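Asks: for reference, the sequence and a predicted model appear below.
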Amino acid sequence: MVSAIQLAYNGLAFGSVIVLAAMGLSLLYGIGNFANFAHGELLTVGAYLTLLLYGAVGLPFVLAAVLSIGLAVALGVLIDRGLMVHHRQSSSLTLLLITVGVAFILRSLIRIVWSSSPRSYGLPLVVDQQVLDSTVTVAGYDVVLSLGVSGKSLAIIAVGILAATGVHLFLTRTKTGVAMRATSANRSLSKVTGIDTEYVATTTWAVAAGLAALSGVVLAYSSGVIYPRMGFDVLLVVFAAVVLGGIGSPYGAMVGAYVISIAREFSVLIPGVGSRYKLAVAFLVMIVVLLFKPEGIYGGKWS
Amino acid sequence: MAGITGPAAFLISILTTGAIYATLSLGLNLQWGYTGLFNFSVAAFWGIGAYTTALLLQPDGIAAAVLGPGLTGGPVAIPLAIVLSGLISGIAAAIVAVPVLRLRGDYLAIATLGFAETIRLILLNETWLSGGGSGMLVNSPLAGVDYDGLLRLALSTGVLVVVYSVLRRGIDSPWGRVLTGIREDEDATKALGKDTVSFKLQSFVIGSAIMGIAGTLIALQISFLVPGQFNPEWTFFIWIGMLLGGTGSNYGALVGGFMLVALLNIPRYVPEFGGVLADARLLVMGVLIIVMMTYKPTGLFGDVNLTEGS
Amino acid sequence: MVSYNSGGETRRSYLGKAGGAALLTTGLAGCTGVIGGGESDLNTIGAAIPQTGNLSDFGGQFERQAGFALDIVNDAEERIEFSYEDTQTSENTGVTAAEKLVSQDGLPMVFAGLSSSVAIAIAESVAIPNETLMATGGTSSAITELEDDNWVFRTSPPSTLQAQALATMIADDGNSDVSIIYLNDDFGTAVKDELVASLDTLGVNVTDSVGYASGKSSYSSQLNQAASGDPDAIAFVTFPQGFIVMAKEAFEMGLKDQVAYYGIENIKGSDVRDNLDAQTISGMSGTQPSPPTERDSFQRFISENEERFDRTPSIWEAYYFDSAMVMGLTTVAADSYESAALRDNVYELSRPPGESYTYWQFDDAVETLANGDPINYQGVSGNVDINQNGDVVGTYRRWNFADGEFQTGDFVDVADDL
């Protein structure tokens, strides 16, 4: 018997991986007006750089992760100043396709350097502790109340929440953050009012890349395996979360990430569907929400 | 078994594949190039068409039982497969279109991508229908026939020509003009009293039906289907091909299909440098897309200027 | 909003660009024959293998062993070379790759496909219609059943046989209830089907068969489902990447203590050992297709490989090596380098009657053939006696994981009623 509480908890943990990637993606979407198909690769880069610094170079894990996030930020800046800057006026489809090109380049470079064999960090195992373990009978039905948590999953959930809080503070308390919100709301107007939109664009890439890299590290930590396609494999769920929440709103992304992740977990309860259609369920949820709110939950507007 | 051999045979095979990609490209161009719909589920409709054909041609399948082996085994099976695949893909498109077409551009892209993945999962998991991961053999009526490569080329080219002519006719008609009107400015078109939703639906369904027909062609070409054949990567490839050939133009889309097959196969002629070659090919494709979109975003024969922000 | 780009002139000026040039090049190359071929006296064997894609690692292994075999075959006299095309582990691309080798380059013999679905697609679309001799690394039982007029053969045994060995082992170990987690592709499904059938015959109850797709970061639902029927053991028909995630998760979920683990050959290897904490899989056992390790030919193959390539070859590399050797021998045995002649010779030289020769006795074998006498090639992976269906029989051993290492155990006597 499957415990609904466990499913919700698992959804919360996976949601943290997604929220990190989704916030950045949504920001890029809102400010740059394009879908960043290279976002998955940024996750993968973050995971591999950490592998390099921790495994090969031998730095302590957290330091390796922080440094690789820094390197990913640099990469994001490079992509923006080196390539995207020439396309500020291009259509969203052009930009989308350019990011596909960037994704191809990043993925092939990773494969060339590390090959396709799976890797892992080799961090110590953390076993789940049963926090709840009972079965209750409600109205004649057996309800399983079981929950296993581990330091690992709690840490992952904490990282997600901290990052979301950090993003919120950044967007509301810092000058750059406020400028980003203004640009997202109305690009031409914000230029007129003296906001350095170039600076905003580059910063958005930096923030998005950094968050994506963090997401990659968390994903690798959570699943235990690192391989070149890992970022792309979650990209669709991230997109679904962003769309659900409303493109351009990081708050929407936060909500979307957790809603989709939890819904995904619950799909195993549907008879005949089981776990094989998890991804399809994620999209179904997204479509249902869009039917009622065609602009997503937050409709692209920020609070 | 007689047939054309040698380099000519390879060329025939390549041209057939090119014709198939060109057909897909034309369908996509109707949806995006003319109506402005971001359809990222090209591979799904392609797959639906392909599997429909395979199911029709199964010697001991439902279709054979209902329609008789004469229809499902003989040469008549081919046009029947084409019609059926187009029909089923079109119906699937109609079903998907209902919730999805009213969405704004970017949202439509993601929604169609989700639909495509769902189809792929169904093909993968519903073994009773599709053979699942083990794949499904296509019982082609052309197998063992002399000059079957040439026949397939003739078939694919024939289909391509028909589709192209029909689309050409369609675009020049009042119907076509409404479509381009929707791409240019949907609100204005609506203001003129046109039911834009209905037109978008028609464009989406017809484009997807065309992709389904391309599915019949690929099923006959590769003889063995697995769901992995219809990954999202293929949707991207067809998009790239179409854009390379030229945006918003039927001729451009057609050329684009052939350019795609050339692009995917040119590296075969480049001297190998070990296993790195194929990764390097992905690298090259990535650079190529970026260069293309930066310097010539309208493609070879395109009308639509993509550099204008939208 | 979109706008129009007017001016036909600008379009034409781009005709010289990549697109047009590409089409032209393909056309020319296609019509006039391949660049860089046909000038040497060497007979060329085509090889359509995954140099990229899921099975790219195995593709690399093939190239390595083919190179090794080439050196032996060409030692006394330059006889053959390989021409490679990438299948990208995809049917569509694989068929095109094979087409290039067979139709365009006109090669009468190819090695095609490591993945069964790619192999079948190539066999059906290219090899059989063009009457080309094809060796393959695909392990699906569907290949046995191909109506191929003997055009298709292989030196790696069908994967289904491994399932029988695994079932025997599971039954012999005293398990009465077992569940299976398998990769939902052609390989995994075929092995799972055979495993279920064999377990059934042996009286072991299969409580659940759960499929999974690769590329997920968590398989808790599969694990939960597999454990739900309270089995004694779980059989993992998986590839390393997915298994790494599962084993770790199962351990964290506390599942490891409740069931015994069994696995197929794919799991046994450095990919799994290096990426998992030993605790997560200690005590696990499985089967592997095993060469007759006590035989000289295999010992020597291993040591020569270690010397040459500085790594221990996998069992698959033994199969690939034997494929390449068999193909090389066939070019010598046949009186002409044509598909029909090659086909007529390949089966005979792999099995009795004939004097037995191992790979390092290649030159002696050539001499015998020159005298018009039959030979029986003894491979490194086994006798390599290719039967009517183009298959070889496999032998299997048990492996165990203990003390942080994979250890090879005894041969498994596949149950008679299977």
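Replies: Cool, the structure landed. Values in this document were obtained by computation on a predicted structure and should not be read as measured data.
Asks: so, low pLDDT: which residues of the chain?
Replies: Looking at chain A here, since you left the chain open. For chain A, the stretches with pLDDT under 70 are A:1, A:274, A:300-303.
Asks: the intended chain is chain B.
Replies: Ranges of chain B meeting pLDDT under 70: B:1-7, B:69-73, B:133-134, B:143-146, B:266-278, B:303-310.
Asks: helices along that one, start to end?
Replies: Here chain B has its helices, by DSSP state H, at B:7-28, B:42-57, B:62-67, B:69-73, B:77-100, B:105-125, B:127-130, B:148-172, B:174-184, B:186-191, B:196-222, B:232-245, B:250-265, B:276-295.
Asks: which one of the ones you listed lies closest to A:Leu97?
Replies: Comparison of those against A:Leu97 by C-beta to C-beta identifies helix B:276-295 as nearest, at 5.3 Å. Heads up, the C-betas are built off the backbone N, CA and C, glycines and all.
Asks: which of the residues in that closest one are buried?
Replies: B:277-286, B:288-290, B:292-294 (16 or more other C-beta atoms under 10 Å in any protein chain shown).
Asks: of these, which is the nearest to C:Asp186?
Replies: Using C-beta to C-beta, those come closest to C:Asp186 at B:Ala278, 21.8 Å.
Asks: A:Ser116 falls within a strand, correct?
Replies: No. Counting by DSSP: H, G, I helix; E, B strand; the rest coil, A:Ser116 is not part of a strand but coil.
Asks: list the residues that contact it.
Replies: Applying C-beta atoms under 8 Å, 6 or more residues apart in numbering or on different chains, we find A:Ser116 in contact with A:Tyr227, A:Pro228, C:Asn54, C:Ser56, C:Asp57.
Asks: quick check: which of those residues are also close to chain B?
Replies: Restricting the contacts of A:Ser116 to those near chain B by C-beta under 8 Å from any C-beta of the partner chain leaves C:Ser56.
Asks: just the buried subset of the contacts of A:Ser116, please.
Replies: The buried subset of the contacts of A:Ser116 - by 16+ other C-beta under 10 Å - is A:Tyr227, A:Pro228, C:Asn54, C:Ser56, C:Asp57.
Asks: including distance to A:Leu71, could the helices of chain B go into a markdown table?
Replies: Shown next, in a markdown table, are the helices of chain B (distance: least, C-beta to C-beta, whole Å):
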| stretch | distance to A:Leu71 |
| --- | --- |
| helix B:7-28 | 38 |
| helix B:42-57 | 34 |
| helix B:62-67 | 57 |
| helix B:69-73 | 59 |
| helix B:77-100 | 39 |
| helix B:105-125 | 29 |
| helix B:127-130 | 44 |
| helix B:148-172 | 48 |
| helix B:174-184 | 42 |
| helix B:186-191 | 44 |
| helix B:196-222 | 42 |
| helix B:232-245 | 27 |
| helix B:250-265 | 32 |
| helix B:276-295 | 20 |
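Asks: for chain A, what's its nearest residue on the stretch 251-400 of chain C.
Replies: Per C-beta to the nearest C-beta, the residue of the stretch 251-400 of chain C with the smallest distance to chain A is C:Asn275, at 3.9 Å.
Asks: ok, that residue - how many residues close by?
Replies: 23 (other C-beta atoms under 10 Å in any protein chain shown).
Asks: and the gap between it and C:Phe187?
Replies: For C:Asn275, the distance to C:Phe187 equals 21 Å [C-beta to C-beta, to the nearest Å].
Asks: cool, and B:Val255?
Replies: 39 Å.
Asks: same check on A:Leu290?
Replies: 38 Å.
Asks: so which of the helices of chain B is the most surrounded?
Replies: When the helices of chain B are scored by mean count of other C-beta atoms under 10 Å in any protein chain shown, the highest mean neighbour count falls to helix B:42-57 (a mean of 29).
Asks: give me the angle between that helix and helix B:77-100.
Replies: Between helix B:42-57 and helix B:77-100, the angle comes out at 140 degrees (axes from the mean of the first three to the mean of the last three C-alpha atoms, to 10 degrees).
Asks: what angle separates helix B:42-57 from helix B:232-245?
Replies: Using the same axes, to 10 degrees: helix B:42-57 against helix B:232-245 is 110 degrees.
Asks: now the angle between helix B:7-28 and helix B:42-57, please.
Replies: Using the same axes, to 10 degrees: helix B:42-57 against helix B:7-28 is 120 degrees.
Asks: picking that back up, so what's the residue of the stretch 251-400 of chain C closest to chain A closest to, chain neighbours aside?
Replies: Nearest residue to C:Asn275 in three dimensions, chain neighbours excluded: A:Ser120, at 3.9 Å (C-beta to C-beta, 6 or more residues apart in numbering or on different chains).
Asks: cool, A:Phe232 as well?
Replies: Per C-beta to C-beta, 6+ apart, closest to A:Phe232 is A:Gly40, 4.1 Å.
Asks: cool, and C:Pro289?
Replies: Nearest one to C:Pro289, counting by C-beta to C-beta, 6+ apart, is C:Gly394 at 4.7 Å.
Asks: one step back: of the buried residues of helix B:276-295, which are in range of chain A?
Replies: Filtering those for proximity to chain A (criterion: C-beta under 8 Å from any C-beta) leaves B:Asp279, B:Ala280, B:Arg281, B:Leu282, B:Leu283, B:Met285, B:Gly286, B:Leu288, B:Ile289, B:Ile290, B:Met293, B:Thr294.
Asks: hang on, the first one packs against C:Gly53?
Replies: So the one you mean is B:Asp279. No. With contact defined as C-beta atoms under 8 Å, B:Asp279 does not count as touching C:Gly53 (10.6 Å).
Asks: name the residue of the stretch 301-418 of chain C that lies nearest to chain B.
Replies: C:Ser339 (10.8 Å).
Asks: with that, I have no additional questions.
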